[in-house]
Every structure is written in C-alpha cells, then in structure tokens.
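[1] Make a model of this:
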Amino acid sequence: MRKQRGDGFADRRVEEPEPAEATGKQRGDGFADRRVEEPEPAEATGKQRGDGFADRRVEEPEPAEATGKQPRERKGRRPREEWERQILDRALVTFGRAGYGVSINRLIEDSGAPVGTFYRLFPDKDALFARLMDDVHSEYLKGVAAEVGDVGDPRERLGRTVASLIIVAARDFKDVARLYFTDVRGRGPAGAVAKRVEDGELALILGPLEDGVAAGVLTAQYPELAARGILGITRKTVEPYVTDRPGVPIAAAADQAARLAVDGLRTR
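    Just a heads-up that it's a prediction; the model follows:
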C-alpha cells in the first residue's frame, strides 16, 4: 500500500475520466462534446422546418389544356382590329373636315387611341390615308355595282354605271369625294391613292363599253381613251354636289351625264 506524503499530497495514480464520446454523459460544465443527431431532411419527413421555410416539393398546376380552362385575358386589352377600325372611322371624319393637310397630332387626338397603338398601326399620315382610301374605295365600288344591278344590254349598263358613279359618290361618300376634288388629286402619296381610285372607276366603265363594242351597239376605236373621257364627264358632274355648289337635283344631273356618255358612243 502506498502512503501519502506528509504534506497531504502524496503521489497517487489519478484515474482519467472516460471521454464523453464513450460514456454519452455531458461534462460537468454542461458543454461536453457529444454526438448530435442530424434531423432527417424535409424531403424525407414531409415536415417543414421550424422557421416555416423548409424546402419542399411544390406541385405544378395542371396546364389549361388538361383542365379545360381558358387562360385569363389581361383586363383592359382591346383587340388590334378594334383599335384599327376606330382610328379609320374617326380619321375619315377628321380628313373630311380639316383636309389632307391636317397634322398627325390632330389625327391621333381625334382617334382616341393611345399614341403607341396609333403608330404601331399607322406609322405616318400617308399610311393612314392610303389605308382609309382603299377601304372607302372598295365600299364605293360595291355601292356602284349594287346600284347598277344585273343589266344585260351594254348600252343600258354603261348608262347606269355612269349615273351610279355620280349618285353614290354624292350621296354616300361626299366627304371623301370632296377631299379628292379639293386636296389630294395628283398630289404626292395621296395622288397615288387617287390614281388607284380612278383605275377602279375606269374598270367599271370599260367593262360595258367593250361589251358594247364587241356586240356592235357601241363604237370606240380606242376603248380605254373613250372610258377616260366618260370618267371625265362623271367627275365634272359630281364635283359641284360634293363641294356645296349644287345645280339641278343630283338624279337629273346623273341622267344627263349618262345620256351624254352613251350617245357619244352609240352606233348610227
């Protein structure tokens, strides 16, 4: 047996405590190293983290094709066609009142359309006017064809065509016809549009004229030149009625112009 030293501190073997890893006990100071079990990931448990932001799988919504539901349209968005029609309709009024020299800013203001929408549809005044005149001219020719009707005799059809060109222009397209006579005839881009209008009218006149020549009831050595002469008669007749200088009633003036056109080509 080993004895203690006189000073009470005899040498003796001091047993070292087992490490905390082996005993699983904490150190007396409460900070023993110990194995801390890691929590299972949220994907495995399906539980959220305590902070409410655990990573978890988010189910994607089914596509509209699978559910049969239509995607929601953005509120306040108007179709392009509606804006285009509104701009054209109001431009017709503005051009008719102010003439071709009206400013692009005035056209935008009167259209009621956002500036960006206006310029996306019509980059400048000439583009707007060309589209407007093409639309109006198409309707004008349809109106003339409806007025003429189904007539077999070439001479009668030619007379009705001349009269209808005058009546429909003065009755249904007065503002556009006035614009043609006072502002755009032969002028720049607008003049190119006016040329297309004339070509359409010439085609209406030339059809019955050539049929009459072929049938031997009308005579014209140069049908195209004769058609231009007849178009000149219609222009001269209709101009006073669309520029507020009317003479005799429009129907009487149209009949007179038709007789003049047909009589000049009638065979003896």
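
[2] Helices along the stretch 51-200 of the chain, start to end?
    64-67, 80-98, 104-111, 115-121, 125-148, 154-172, 174-179, 188-215 (DSSP state H, counting those that start in this stretch).

[3] quick one, the longest one and helix 125-148 angle?
    Right, helix 188-215. 20 degrees (axes from the mean of the first three to the mean of the last three CA atoms, to 10 degrees).

[4] Toward the C-terminus, what is the element adjacent to helix 188-215?
    From helix 188-215 onward toward the C-terminus, using DSSP states H and E, the following helix or strand is helix 223-242.

[5] what's that next one packed up against?
    With contacts taken as 3 or more CB pairs under 8 Å, 6 or more residues apart in numbering; DSSP states H and E, helix 223-242 sits against helix 154-172, helix 174-179, helix 188-215, helix 250-263. In short, each C-beta sits where N, CA and C put it, glycine included.

[6] Contacts for that helix, please.
    158, 162, 165-166, 169-170, 174, 177-178, 181, 198, 201-202, 205-206, 209-210, 213, 220, 245-247, 250, 253-254, 256-257, 260-261, 264-265 (CB atoms under 8 Å, 6 or more residues apart in numbering).

[7] give me that answer again for 6 Å
    162, 165-166, 169-170, 174, 177-178, 181, 201-202, 205-206, 209-210, 220, 246-247, 250, 253, 257, 260-261 (CB atoms under 6 Å, 6 or more residues apart in numbering).

[8] do stretch 256-268 as well
    So stretch 256-268 is in contact with 155, 158, 159, 162, 163, 218, 219, 220, 230, 233, 237, going by CB under 6 Å, 6+ apart.

[9] redo that, cut-off 7 Å
    Outside stretch 256-268, the residues that touch it by CB atoms under 7 Å, 6 or more residues apart in numbering are 155, 158-159, 162-163, 166, 209, 216-220, 226, 230, 233-234, 237.

[10] Show me how to select, in PyMOL, the buried members of those residues.
    Listed next is the PyMOL selection for buried residues among the contacts of stretch 256-268, using 16 or more other CB atoms under 10 Å:
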select buried, resi 155+158+159+162+163+166+209+217+218+220+226+230+233+234+237
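
[11] So for residue 60, what's the pLDDT?
    We have a pLDDT of 54 for residue 60.

[12] what's the answer for residue 1, then?
    46.

[13] pretty sure residue 96 is touching residue 175, no?
    Yes: at 3.1 Å, residue 96 counts as touching residue 175 under the criterion of CB atoms under 7 Å.

[14] Just the buried residues of the contacts of helix 223-242.
    162, 165-166, 169-170, 174, 177-178, 201-202, 205-206, 209-210, 220, 250, 253, 257, 261.

[15] What distance do you get for residue 139 to residue 92?
    11 Å (CB to CB, to the nearest Å).

[16] More neighbours: the two, which one.
    For residue 139 versus residue 92, the count of surrounding residues by other CB atoms under 10 Å is larger for residue 92: 19 against 13.

[17] That one: what's its closest spatial neighbour, skipping adjacent residues?
    Distance criterion CB to CB, 6 or more residues apart in numbering; nearest residue to residue 92, sequence neighbours excluded, is residue 132 at 6.0 Å.

[18] ok, now residue 84?
    Among residues not flanking residue 84 along the chain, residue 121 sits closest, at 5.4 Å (CB to CB, 6+ apart).

[19] Which residues are in contact with that neighbour?
    By CB under 7 Å, 6+ apart, the contact list for residue 121 reads 83, 84, 87.

[20] Now pLDDT and neighbour count too, for those residues, in JSON lines please.
    Output for the contacts of residue 121, formatted as JSON lines (pLDDT from 0 to 100; neighbours: other CB atoms under 10 Å):
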{"residue": "83", "pLDDT": "93", "neighbour count": "18"}
{"residue": "84", "pLDDT": "93", "neighbour count": "17"}
{"residue": "87", "pLDDT": "95", "neighbour count": "23"}
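
[21] so which of the residues you listed would you say is closest to residue 101?
    residue 87 (18.7 Å; CB to CB).

[22] related to what we said a few turns ago, any idea how far the residue nearest to residue 92 is from residue 99?
    For residue 132 relative to residue 99 (CB to CB), the value is 14 Å.
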